[in-house]
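Trainee: Everything below, folded, please.
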Amino acid sequence: MGRGLALRWAKNHDLIIGSRSSNKARKTAKELTEIARGFYQDKMHGSIRGTFNSTAIKNSEMVVITLPPVATFSIISEFRAFINPKQIVISTVVPMKKKENSYVYTPLSIKDVDEDERKSAAELIQELIYPTQVVSTFHTVPAAYLNNLDAILNIDVFVSSNDDAVTKRVAKLICDIPNFRPLKVGPLQTSRLIESITPLLLNTAILNNLKDPSIRIVPWIPTSYETCEHLTS
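Mentor: Predicted coordinates for the structure are as follows:
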C-alpha cells in the first residue's frame, strides 16, 4: 500500500519514505523514483526520497501509516515524540487474522474492555498521538492495482475523521489519484466499520474467485469529477 501511494502521489507531491534503516529507505525511494519517472516522464513534478523514520516524520505535513497491525503501535509509541499537532496522520491499518481459508477482523484487545467495545486501529492511534488528528482511509483500495500505474482505478474511498477541516485536506490528497472518489463516512469511530471491509473484500475474492475486488457506491453517474471539488471545498 505504501509503495503504491508513493507512486501515485509522486507526480505532484514530494514524498519521504521512512524506515528504521536509512539505506533501505533510500534504496526503496530510488527504485520508486525510477518507476514513477519512467511512467510520468516530464509530467512528474514531485519527488521521492528515503531516510530514517524519525526524520521522515519530522519533515512531513502528513504521515501515512501503512504498517502491519502487529508492529503499528510499538513503532508509533517509539516515534510519537516526533509527531506535532499541526500534522495529519493517515491510518490504513487493518487488524485482521487469517483463519483457515478466510480472514477475520480482530479489533485489538484493551484491558478491561468488552469485546463489543474494542476500538479500531485508527482510534487507538488517535489516543496515542492526540491532539494530532488521525484520518482513517484507503481500506478498500487493492494494493496490487495501486502499485500498477497502468491500472485505472474507479474506486470510492471511505474517509473517517473527527475534524472536518482535516477530512477535506485528506480528501484533496485522495482526489490527486485519478478516478478516486473520497466519501465521508463520519467520525473516527466509524473506522471500526471501514477497517472491517478489508477482510470482507478478501473473503469475497476467495469465495467467488475474484481478483482484488473493491468498492463503488451506486447509483452514481460519473459525468465529471465535480464530486471531488464538492467534497474538498
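
Trainee: helix/strand/coil for the residue lying closest to Leu201 once chain neighbours are set aside?
Mentor: Leaving aside its sequence neighbours, Leu201 sits nearest to Pro213 (CB to CB, 6 or more residues apart in numbering; 5.3 Å). Glycine gets a C-beta too; all of them are placed from N, C-alpha and C. Three-state call for Pro213 (DSSP: H, G, I helix; E, B strand; the rest coil): coil.

Trainee: And Pro213, how far from Val159?
Mentor: Counting by CB to CB, to the nearest Å, the gap from Pro213 to Val159 is 20 Å.

Trainee: same check, this time on Leu124
Mentor: 18 Å.

Trainee: go on, Ile90?
Mentor: Applying CB to CB, the value for Ile90 to Val159 is 9 Å.

Trainee: Quick one: residues in contact with stretch 4-13.
Mentor: Contact partners of stretch 4-13, identified using CB atoms under 8 Å, 6 or more residues apart in numbering, comprise 15, 17, 32-33, 35-36, 39-40, 43-48, 64, 66, 138, 141, 143, 145-147, 149, 173, 176-177.

Trainee: hang on, the earlier thing: for the residue nearest to Leu201, what are its contacts?
Mentor: Contacts of Pro213 (CB under 8 Å, 6+ apart): Pro142, Leu201, Thr204, Ala205.

Trainee: Please repeat the previous calculation with a cut-off of 10 Å.
Mentor: Thr140, Pro142, Leu200, Leu201, Leu202, Thr204, Ala205 (CB atoms under 10 Å, 6 or more residues apart in numbering).

Trainee: Over to Ala81?
Mentor: Counting by CB under 10 Å, 6+ apart, Ala81 has contacts Ser54, Ile57, Lys58, Ile129.

Trainee: my read: the third one touches Lys86, true?
Mentor: Yep, that's Lys58 we're talking about. No - counting by CB atoms under 10 Å, Lys58 sits too far from Lys86 to count as a contact (11.9 Å).

Trainee: So these two - more neighbours on which side?
Mentor: Lys58 (18 against 9; other CB atoms under 10 Å).

Trainee: out of everything not next to it in sequence, what's closest to the more buried one?
Mentor: According to CB to CB, 6+ apart, the nearest residue to Lys58 is Phe82 (4.9 Å).

Trainee: What's the local residue count around the one you found?
Mentor: For Phe82, using other CB under 10 Å, the count is 18.
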